[in-house]
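Asks: Please find the sequence and the predicted model below.
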Amino acid sequence: MPRAPPTPPAPDAALAALRALADPAVHAGLPRYGIPNARAIGVRMADIQALAKSFGRHQPLAEALWETGIYEARLLAAFVAEPGALPPATLERWLLDLDSWAICDTLCFHLLDRVPEAWDHIAAWAHRPEELVRRAAFALLASLALHDKKSPDARFVATFPLLQAAADDPRDLVKKGVSWALRSIGHRSPGLHAEALAPGPDAPDLGERPGPVDRPRHPARPPAAPPSWPWRRVRPPRRPRRGRPSPPSSTRPAARRAGRGASSSSSRRSARPRC
């Protein structure tokens, strides 16, 4: 029997659940990643994903969360929205509301790459003047390169003119989006890897790259200095055996030493053959 989908909470209850997970340390650390925290409450991404899993997909809840303008609420909306029930007017309003690369990438990676019009959005957004909308085009392309297992390689090769046209965009967020998309396409298959590394038609001629023979060799390393410690290991003195220590040889009776020496010498003499 299939499990029934979870019942989504009211928008106020969902927002209260987000605030219960707030952490001041997370809120203070957002600007280090280029994320403004003026309208953030400080919730970890893992907690947002767990909350979205318990809520399930619900388009009205996603739209209500987005309208709050809170950073974490808009991230939660990307996980809660239904890919097949997102109206074009709502999507356009969300694009114009983007104020962080994190919301842009989360929206593309977890929602927009599942909509039927994903490939059409790439071609339309790649020429938009807005910085985060143009980044969304290439973040969506990178997401499709990772998640779309059915599209042929030729469909990704056809997007290379878009990548080349945006590669010289002076805005860092757009250039990083282009780099992310190109690397994701190159990792998709060996054929796309070769296409991603091939220079474009307008690429400058940098000349022939030096081969292994023409490369300048590194200077020879100086000989290593001898170690400052002795290279031979000094054996520690042998410990005495357990039990009763034997007296030193100087304290033994002289007669005993003499007798032992005499007996040993006589035994050696007796062992010699007589001629």
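Replies: Sure thing, it's come through.

Asks: Setting aside sequence neighbours, what's the nearest residue to the residue nearest in space to the middle of the chain?
Replies: Nearest residue to the geometric centre of the chain (C-alpha atoms, centre = their mean): Trp180, 13.4 Å. Spatially, and ignoring its direct neighbours in sequence, Trp180 is nearest to Ala142 (4.5 Å; C-beta to C-beta, 6 or more residues apart in numbering). Just so you know, the C-beta spots here come from the backbone N, C-alpha and C atoms, and that holds for glycine as well.

Asks: That neighbour: what's it in contact with?
Replies: By C-beta atoms under 8 Å, 6 or more residues apart in numbering, the contact set of Ala142 is 108, 177, 180-181, 183-185.

Asks: just these now: which is nearest Ala89?
Replies: Using C-beta to C-beta, Cys108 comes nearest to Ala89 of these, at 18.7 Å.

Asks: For that closest one, what is the enclosing helix or strand?
Replies: helix 101-110 (DSSP states H and E).

Asks: what packs against that helix?
Replies: helix 71-80, helix 131-147 (3 or more C-beta pairs under 8 Å, 6 or more residues apart in numbering; DSSP states H and E).

Asks: Dump those helices to CSV, plus distance to Pro31 and mean pLDDT.
Replies: Output for the helices and strands packed on helix 101-110, formatted as CSV (distance: least, C-beta to C-beta, whole Å; pLDDT from 0 to 100):
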stretch, distance to Pro31, mean pLDDT
helix 71-80, 12, 97
helix 131-147, 17, 97
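
Asks: Of those, which is nearest Arg19?
Replies: Closest among the helices and strands packed on helix 101-110, once you apply C-beta to C-beta, is helix 71-80, at 9.0 Å.

Asks: Can you check what angle separates whatever helix or strand comes next after the closest one from helix 131-147?
Replies: Going down the chain from helix 71-80, the next helix or strand is helix 88-97, by DSSP H and E. Orientation note: helix 88-97 sits at an angle of 110 degrees relative to helix 131-147 (axes from the mean of the first three to the mean of the last three C-alpha atoms, to 10 degrees).
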